[in-house]
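J.: Predicted coordinates and the sequence they were generated for:
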Amino acid sequence: LPNGFNGIFKKMDIITCREKYNLPLNKRIILNIGSLVEIKNHEVLIAAIAELVKKREDILTLIIGEGHLKSQLKKQIKKFNMDSYIKIIDAQRHEDIPSFINASDVFVLPSINQSFGIVQIESMACGIPVISTINGGSEEIITSEDYGMLINDPNDPQKLAETINIVLEKRWNPKKIIKNVDKYSINKIILQTAKLYQKTLKNKNKDI
């Protein structure tokens, strides 16, 4: 059984969410949430944004998280002169994450390896498209380009930049994205889990 998202992850007004955190209204916001460790591949994301800025300057990337690579990633951002385009934000309370997701235009998860990745379905539950690598888990979630896009090579910043640009230019249907992940709502996952236990106990009683 997969993980489930709880009811706080839902569609909210983008302007209200941006004003809550003093985020610009005239920028396309790219969001990433996760531990700042090697497997999450933030170095490639930063390099991709540096490529993307060559084509468009109306973007702001928010990286939310903590980890031992934090200082190294900040140095990389400075090296690329991306301070105006990429911000690393300290880890946030779980109840504040929906507002950050709803303040964004796209969620990007460039992980080298990934399990189910609940943050992806949390983003989709808010109607936000997701870009991810083919990493073992994300392809189970992004099953159509109606919900997001997948990238084959996690080490190709140019391809990631191109994909982000495509997603930012595409007109998405938030209702369709939300409907797709409704099956992962925590209430439905609880019901599935209960049924599985009931079936297991019933089968066990038959064997006695």
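T.: All right, it came through fine.
J.: Report the residue spans of the chain with pLDDT below the cut-off.
T.: Applying pLDDT under 70 to the chain picks out residues 1-2, 188-197, 204-208.
J.: quick one, helices of it?
T.: 14-20, 42-52, 70-79, 97-102, 118-125, 157-169, 174-181, 186-207 (DSSP state H).
J.: Buried deepest among these, which one?
T.: Between the helices of the chain, helix 118-125 has the highest mean count of neighbours, a mean of 25, where neighbours are mean count of other C-beta atoms under 10 Å. From N, CA and C alone the C-beta is placed, and that goes for glycine too.
J.: on contacts alone, who are the packing partners of it?
T.: For helix 118-125, the elements it packs on are helix 97-102, strand 106-109, strand 130-133, helix 174-181, judged by 3 or more C-beta pairs under 8 Å, 6 or more residues apart in numbering; DSSP states H and E.
J.: Which strands or helices does the longest one pack on?
T.: It stands for helix 174-181. Identification of packing neighbours for helix 174-181 by 3+ C-beta pairs under 8 Å, 6+ apart yields helix 118-125.
J.: and for the helix it packs on, what are the contacting residues?
T.: Contacts to helix 118-125, defined as C-beta atoms under 8 Å, 6 or more residues apart in numbering, come from residues 3-5, 9-10, 31, 33-34, 97-98, 101, 104, 107, 109, 130, 132, 138, 141-142, 147-148, 177-178, 180-181, 184-185.
J.: related to what we said a few turns ago, would a markdown table of the helices of the chain with distance to I64 be doable?
T.: Below are the helices of the chain laid out as a markdown table (distance: least, C-beta to C-beta, whole Å):
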| stretch | distance to I64 |
| --- | --- |
| helix 14-20 | 14 |
| helix 42-52 | 11 |
| helix 70-79 | 11 |
| helix 97-102 | 6 |
| helix 118-125 | 10 |
| helix 157-169 | 17 |
| helix 174-181 | 20 |
| helix 186-207 | 22 |
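J.: Quick check: which of those helices is nearest to I59?
T.: helix 42-52 (6.4 Å; C-beta to C-beta).
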